[in-house]
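J.: With the sequence up front, the predicted model follows.
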Amino acid sequence: MTVPSSVRRGATLPAAVLVGTLLPVLSLPAAQADPGCTTEAAPPGELPLPLPLPAPIGPGERCDDSEAPVTSSVSAVPAANTAGFIARDSVTFTFTGAHTDADADPIAFECQFFNTPEAPADDKWTPCASPQTYSDLEDTRRQLGGVETPYTFRVRAYDAADRGIDATSPTNLLLGTGGAETDLPDTDQTPEETSFKVDTQRPVASIFNTPFDRLTPERPMLTTDSPTLRINGNEPALVFDCDIDGRAVPCRDDNVTFSDLGPGTQTLSVSVTDRAGNTSAAPVTTTFTVPEDLVAPGRRWKTRASRQAFGGDYLEASAYKTKLTVAGVDVREVRLLATTGPKSGKLKYKTPGGAWRKVRLGGKTTKRGQVVVVRNEQSAPFTGKIAFRVMSRGKPVQLDAIMLR
């Protein structure tokens with residue numbers, strides 16, 4: 001309200017002028033919260049009656065903008081996967097807000113970002129704008145009780161023009177009138193929220209119980225076609241991916257039996273993927289050689305069933321000069337799985353173009369399924385058939401499997 005200078009100096013106005021000046025403010029009721037109100041700024045004053053005074057004489061009544069803007073369309077890059085993880089140490093959020101009425105006031109935002117079990121206090125919001133990026137995030141770790149506390153992002157929109165105005169404040173400071181009865185929040189009361197966990201570390205797989213071979217530790221020979229190996233990873237809830245020479249085989253975080261493997265040198269590769277989608281930088285591998293199960297070439301060799309034998313059975317012959325041949329290509333090493341001991345018969349072998357040589361099957365005690373080295377890896381290579389011949393009468397020769405390498 002504009003007051004003549006004479007009033008400011010303490011002069012007395014005529015009563016009629018004073019009443020006519022104050023009457024428009026005194027005659028209007030206090031403003032109410034108005035759903036149609038789009039601004040809380042005081043409008044220009046208006047005189048209800050034509051008086052010989054300049055108009056307007058001061059601000060009119062305030063209203064309360066009761067419709068706060070809404071927050072919407074919150075998205076994150078990268079987005080969390082179905083397990084709620086991202087595999088990067090930074091994330092960018094984009095968001096929008098909108099008025100639900102004809103309000104044209106600018107919309108601003110404020111955010112909260114935390115990694116604590118308890119949310120920050122309601123007065124701990126900071127101004128933000130879309131897009132909003134948070135960097136150098138630490139991986140979420142298991143805490144006491146095995147709980148992983150996720151990161152949480154919250155954003156809420158507010159009316160940038162109205163929030164700084166108290167709608168109940170009077171527009172006529174002299175009389176304390178012209179304010180609205182209420183001042184409803186100008187901030188969205190239902191913030192948008194999203195949570196996620198961070199894991200940027202590549203997991204590591206391990207293979208335990210790998211076969212041991214003193215003679216060729218880098219390529220051990222198995223004594224079974226169904227080895228059991230312990231597969232493990234360094235993180236919880238890993239997905240295991242295993243293959244043997246490129247052929248996928250099922251495996252898990254446990255003792256795993258790889259059943260009925262064929263003969264030859266093979267490599268098992270194991271890689272793991274964690275909940276965030278990180279995969280092993282390189283698979284862990286182990287290489288081994290599986291012997292070949294021997295099959296009876298004729299009636300002079302008998303097949304004997306045994307649960308302890310390679311492939312579930314072994315061959316036995318006791319007739320003099322009973323023969324067995326096995327073909328190979330570029331072979332240096334030859335090993336047998338055989339029964340050794342004082343009751344074992346005699347056996348000889350011969351490579352293409354070579355002489356007959358003795359196979360050592362003796363021993364003080366009888367042992368089944370023993371590894372018998374016929375030729376070592378320093379031997380000259382051959383391609384063709386290696387022949388074995390029983391050289392005893394009455395004493396059985398028991399052969400289970402053969403490795404040609």
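T.: Arrived safely.
J.: going forward, measure contacts between C-alpha atoms and count neighbours the same way
T.: Noted.
J.: secondary structure class for the most centrally placed residue in the chain?
T.: The centre of the chain sits closest to Ala276, judged by Cα atoms, centre = their mean, with a distance of 1.5 Å. At Ala276, secondary structure determined by DSSP: H, G, I helix; E, B strand; the rest coil is coil.
J.: OK, contacts around Met405?
T.: Quick fix: residue 405 is Arg, not Met. 264-265, 330-334 (Cα atoms under 8 Å, 6 or more residues apart in numbering).
J.: now, which of the residues you listed sits nearest Ser73?
T.: Checking those against Ser73 with Cα to Cα, the nearest one is Thr265 at 56.8 Å.
J.: Name the nearest residue to Asp65, sequence neighbours excluded.
T.: Counting by Cα to Cα, 6 or more residues apart in numbering, Asp65 lies nearest to Cys37, which is 4.9 Å off, once chain neighbours are set aside.
J.: What of Ala387?
T.: Nearest non-adjacent residue to Ala387 (Cα to Cα, 6+ apart): Thr325, at 4.3 Å.
J.: returning to that earlier point: tell me which entries of the contacts of Arg405 lie within strands.
T.: Cross-referencing the contacts of Arg405 against strands under DSSP state E gives 264-265, 330-331, 334.
J.: is it true that the residue nearest to Asp65 touches Ala68?
T.: No. Counting by Cα atoms under 8 Å, Cys37 does not reach Ala68; the two are 11.0 Å apart.
J.: Name the residue in those two with the higher neighbour count.
T.: For Cys37 versus Ala68, neighbours defined as other Cα atoms under 10 Å are more numerous around Ala68 (24 against 17).
J.: residues in contact with the closest residue in space to that one that isn't next to it in sequence?
T.: Among residues not flanking Ala68 along the chain, Asp186 sits closest, at 4.8 Å (Cα to Cα, 6+ apart). Contacts here follow Cα under 8 Å, 6+ apart; on that basis Asp186 touches 65-69, 158-159, 162-163.
J.: Tabulate those (CSV), appending pLDDT.
T.: As requested, those are exported to CSV (pLDDT from 0 to 100):
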residue, pLDDT
Asp65, 95
Ser66, 94
Glu67, 96
Ala68, 97
Pro69, 98
Tyr158, 98
Asp159, 98
Asp162, 97
Arg163, 97
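J.: one step back: identify the residue spatially nearest to the residue nearest to the centre of the chain, adjacent ones excluded.
T.: Phe85 (4.8 Å).
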